[in-house]
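Student: Coordinates only, no sequence provided:
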């Protein structure tokens, strides 16, 4: 995996959600992940972007979403930051609890955690930053490391 | 690809053939509108054929749940048909696979409605 970083500053719109998903899909593919992993990474990024646009920035045209992809040390690290009030991850109800199964929302963070290897949510008064990490497990990476 | 739907009647059951993506925005709105329109016409036996739905996000999952409970609350039944592997896996990890009545054979699914 070549080390590189790509950053975007995006508006608080639905188009941003699609753009973030497409960028994640492209970069994950270039990083060598297989089709299933690409889908999972892209969906995690989409869900994080939805949270940033809807719940963080609340579609405010004056607020931006920052999106960055970094390939480093065999990891794909993705950071999404909004300018909202700050998401408290401890207050998110468990979507798998029987009383929550039929709720129509509240599954985004759960899906993100399901699809990524590491998820760090850092809320602050100036917004929420969510860092997503996916380790490269592909055979070519293992061969490369073993030969070094 | 955005979501498209078409409906057909088989032995009193309305089959909604869906294709594309059920995601935040247009896809979820289309699904909501289709189910609402069917209910307004008294069509309460609904089979959602998701065989050509290649992608669904958390908003789409939420819309499926909403459709399921809305139909049930009006005395009807909503079932799912022909899940793709991606959608099947999503319903598994969200524990919704056992909440929905999921079918993989259209004729059998139609007969299963009471």
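Tutor: Yes, it's here. Because the structure is a prediction, the values reported are computed rather than measured.

Student: Sketch out the helices for chain B, chain order is fine.
Tutor: B:26-40, B:58-73, B:85-93, B:106-112 (DSSP state H).

Student: Nearest to residue A:124, out of those helices?
Tutor: Nearest to residue A:124 among those is helix B:58-73 (24.0 Å), distances taken as Cβ to Cβ. (C-beta placed from N, C-alpha, C; glycine too.)

Student: List the contacts of that closest one.
Tutor: A:47, A:50, A:102-105, A:107-108, A:111, B:21-25, B:27-28, B:31-32, B:35-36, B:39, B:44, B:46, B:48, B:56, B:77-78, B:80, B:90-91, B:94, B:96, B:99-100 (Cβ atoms under 8 Å, 6 or more residues apart in numbering or on different chains).

Student: contacting residues for residue B:44?
Tutor: Contacts of residue B:44 by Cβ under 8 Å, 6+ apart are B:38, B:71, B:74, B:75, B:76, B:77.

Student: Which single one of those is nearest to chain A?
Tutor: residue B:71 (12.6 Å; Cβ to the nearest Cβ).

Student: Relative to residue A:20, how far out is that closest one?
Tutor: Distance check for residue B:71 against residue A:20: by Cβ to Cβ, to the nearest Å, it reads 33 Å.

Student: who has more neighbours, these two?
Tutor: residue A:20 (26 against 20; other Cβ atoms under 10 Å in any protein chain shown).

Student: which residues touch the nearest residue to the more buried one once chain neighbours are set aside?
Tutor: Excluding its sequence neighbours, the residue lying closest to residue A:20 (Cβ to Cβ, 6 or more residues apart in numbering or on different chains) is residue A:49, at 3.9 Å. Residue A:49 is in contact with A:10, A:16, A:17, A:20, A:21, A:65, A:67, A:80, counting by Cβ under 8 Å, 6+ apart.

Student: circling back: what's the farthest-apart pair in the contacts of residue B:44?
Tutor: The two members of those with the most space between them (Cβ to Cβ) are B:38 and B:75, at 13.3 Å.

Student: between these two, which one's more packed in?
Tutor: Neighbour count, other Cβ under 10 Å: between residue B:38 and residue B:75, residue B:38 has more, with 20 against 8.

Student: returning to what we had before: show me which of the contacts of helix B:58-73 are buried.
Tutor: Among the contacts of helix B:58-73, those buried by neighbour count (16 or more other Cβ atoms under 10 Å in any protein chain shown) are A:47, A:50, A:104-105, A:107-108, A:111, B:21-25, B:27-28, B:31, B:35, B:39, B:44, B:46, B:48, B:56, B:77-78, B:80, B:90-91, B:94, B:96, B:100.

Student: Which residue would you name as the spatial centre of chain A?
Tutor: residue A:45 (3.3 Å; Cα atoms, centre = their mean).

Student: thought residue B:81 was touching residue B:49?
Tutor: Yes: assessed by Cβ atoms under 8 Å, residue B:81 is found in contact with residue B:49 at 4.5 Å.

Student: From the contact counts, what lies against the longest strand anywhere in chain B?
Tutor: The single longest strand within chain B, with elements called by DSSP state E, is strand B:45-56. Packing contacts for strand B:45-56, counted by 3 or more Cβ pairs under 8 Å, 6 or more residues apart in numbering or on different chains; DSSP states H and E, involve strand B:13-22, helix B:58-73, strand B:77-81, helix B:85-93, helix B:106-112.
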